[in-house]
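> When you get a sec, could you give me coordinates for this:
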Amino acid sequence: MNGDQDLNNSSKNWGSLMGLQFFLFFILVVFAGCNPDDQEANGDSFDREAFLINTADNLIIPAYQDAVVAAEDLCSALYDGTLEEARAALKECSMKWQAAAPFDFGPAINRGLLTTTNTHPCDTTEIEEDILDGNLVPGLPTTLDRTGLPALDYLLHKGEWNADRLLHASYLAGYLHDELQAVLDSWVDGYRDDFVSRTGTDIGSGVGMMLNAFNRTYEGNVRKGKLGLPAGVFSFSGNPKPHVVEAYHAGDWSIELLDEAMSATERIYMGGDGVGLDDYLQFLGDVSYGTELDAEIKAQLAAAQAAVLTLEDPLSDFVVENQPAAIDVYSELQSLVILFKVDMMSALGVIVTYQDTDGD
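Numbers count the residues shown, from 1 in each chain. The predicted structure is shown next:
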């Protein structure tokens, strides 16, 4: 009997020892899975500082510099040029704005630059009243659709060109220039260094702020604002809204501005001639969320840009007369939202901090 008991006790002790060994092995496996080297292999060792430096020095600051120069030229054309020269300067300023618009964070969002610069359609009735009474206060929520590029588009292309109209256009152009200059000064005078020092991917990091602004402006201002809304994609009736196209009063700039915005989107993704988002994804390796996603994004960028060039000005007429074709182009733009906002943000471990209202 005692022999059987000893045998049973030995078996239990051996089983306990094996259980302990298994437990220790499990703990080692778990810790191995948390190894910092493995995290680096999954992208944490990517040189985000180099990415942020390139973004700030070769994309953001030059975009604002070009926009400031274009606004200065517009002011000069209004001061001592002809109406046609002022229109040409306004078009150039609108084109340069497309490269700066995606960087709606930091100094830009603090000043509300995106909304004061390009809220369209403009309120033509209120603009006419502003010309008469001269009481406009730019930058207020109630005056966003009476300032910026859309208001200047209306002033320079509609109505009788006279001294009062010139005075009001000059005031709006001066305000636009000063706001652009203020944002540029903030970047140069210290925000640039703060931005590149935030090398994480969390909320408030340089990557986090930049990518959320990039996605939000592409989704809301490019895809939706420049084509989706005019094409009737977001109207309850499904009917097109031709009057909401960008540069509606100029008539023949809308597609060029959309094409320029798509070029800016591609340039930001590719990092210009430096370290870009494509390099970041490629660094993750030969996986579906790395090099494969990068290839898919590049292919869709090319498809979307080619689709945009099938549109015809005036875009306000095209969305009415060829609505199905316009919606097809919109679908190509929409495909990039999924790739950028869902797939890329997930792959890079960046949280989406903004909300849209159209279910994308």
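> dump the residue contacts of residue 158.
124, 249 (C-beta atoms under 8 Å, 6 or more residues apart in numbering). Quick note: C-beta positions are derived from backbone N, CA and C, even for glycine.
> if you set the cut-off to 6 Å instead, what comes out?
residue 249 (C-beta atoms under 6 Å, 6 or more residues apart in numbering).
> phi, psi of it?
Main-chain torsions, residue 158, degrees, to the nearest 10: phi -130, psi 150.
> Run the chain-centre distance for the strand or helix carrying residue 185.
Residue 185 is located in helix 163-186, with elements delineated by DSSP states H and E. Centroid separation for helix 163-186 versus its chain: 23 Å, with C-alpha atoms, centre = their mean, to the nearest Å.
> likewise stretch 54-64?
14 Å.
> Endpoints of it, how far apart?
15 Å (C-alpha to C-alpha, to the nearest Å).
> where does residue 79 land in three-state SS?
helix (DSSP: H, G, I helix; E, B strand; the rest coil).
> picking that back up, for the helix holding residue 185, packing partners?
Using 3 or more C-beta pairs under 6 Å, 6 or more residues apart in numbering; DSSP states H and E, the elements in contact with helix 163-186 are helix 61-80, helix 107-111, helix 148-157.
> looking at the ones you listed, which is closest to residue 190?
Among these, the nearest to residue 190 by C-beta to C-beta is helix 107-111 (9.8 Å).
> which strands and helices sit next to the closest one?
Packing partners of helix 107-111 (3+ C-beta pairs under 6 Å, 6+ apart): helix 163-186.
> about what we covered before: and the helix holding residue 185, what's buried?
Within helix 163-186, the residues scored as buried using 16 or more other C-beta atoms under 10 Å are 165-166, 168-177, 179-181, 183-184, 186.
> quick one, that helix and helix 61-80 angle?
Angle between the axes of helix 163-186 and helix 61-80 is 160 degrees (criterion: axes from the mean of the first three to the mean of the last three C-alpha atoms, to 10 degrees).
> Deepest in the core, which of the helices and strands packed on helix 163-186 is it.
Among these, helix 148-157 has the highest mean neighbour count (mean count of other C-beta atoms under 10 Å), at a mean of 25.
> dump the residue contacts of residue 116.
Per C-beta under 6 Å, 6+ apart, neighbours of residue 116: 139, 147, 148.
> how near is it to residue 347?
34 Å (C-beta to C-beta, to the nearest Å).
> What of residue 275?
From residue 275 across to residue 347, the span is 16 Å (C-beta to C-beta).
> can you check residue 80 too?
Taken as C-beta to C-beta, the span from residue 80 to residue 347 is 52 Å.
> and if you look at residue 230?
32 Å.
> So for those two, which sits in the more crowded spot?
When neighbours are counted by other C-beta atoms under 10 Å, residue 230 and residue 347 differ, and residue 230 comes out ahead with 29 against 20.
> my guess is that one meets residue 247, correct?
No: between residue 230 and residue 247 there is no contact under C-beta atoms under 6 Å: 11.4 Å.
> quick one: the helices in the stretch 101-250 of the chain?
107-111, 113-118, 124-133, 148-157, 163-186, 192-197, 206-217 (DSSP state H, counting those that start in this stretch).
> Residue 73 is nearest to which of these?
Of all those, it is helix 163-186 that lies closest to residue 73, at 9.6 Å by C-beta to C-beta.
> mind saving the C-alpha coords of the closest one as PDB?
Only the C-alpha atoms of helix 163-186 are listed here, as PDB (Å, rounded to 0.1, in the frame of the first residue of the first chain):
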ATOM      1  CA  ALA A 163     -13.700 101.200 -57.900                       C
ATOM      2  CA  ASP A 164     -15.900  99.700 -55.100                       C
ATOM      3  CA  ARG A 165     -15.400  96.200 -56.300                       C
ATOM      4  CA  LEU A 166     -11.700  96.700 -56.700                       C
ATOM      5  CA  LEU A 167     -11.400  98.100 -53.200                       C
ATOM      6  CA  HIS A 168     -13.200  95.100 -51.700                       C
ATOM      7  CA  ALA A 169     -11.200  92.600 -53.700                       C
ATOM      8  CA  SER A 170      -8.000  94.300 -52.600                       C
ATOM      9  CA  TYR A 171      -9.100  94.000 -49.000                       C
ATOM     10  CA  LEU A 172      -9.900  90.300 -49.300                       C
ATOM     11  CA  ALA A 173      -6.700  89.600 -51.100                       C
ATOM     12  CA  GLY A 174      -4.700  91.400 -48.400                       C
ATOM     13  CA  TYR A 175      -6.400  89.400 -45.700                       C
ATOM     14  CA  LEU A 176      -5.700  86.200 -47.500                       C
ATOM     15  CA  HIS A 177      -2.000  87.100 -47.900                       C
ATOM     16  CA  ASP A 178      -1.700  88.100 -44.200                       C
ATOM     17  CA  GLU A 179      -3.200  84.800 -43.000                       C
ATOM     18  CA  LEU A 180      -0.900  82.800 -45.200                       C
ATOM     19  CA  GLN A 181       2.100  84.800 -44.100                       C
ATOM     20  CA  ALA A 182       1.100  84.300 -40.400                       C
ATOM     21  CA  VAL A 183       1.000  80.500 -40.800                       C
ATOM     22  CA  LEU A 184       4.300  80.500 -42.700                       C
ATOM     23  CA  ASP A 185       5.900  82.600 -40.000                       C
ATOM     24  CA  SER A 186       4.700  80.200 -37.300                       C
END
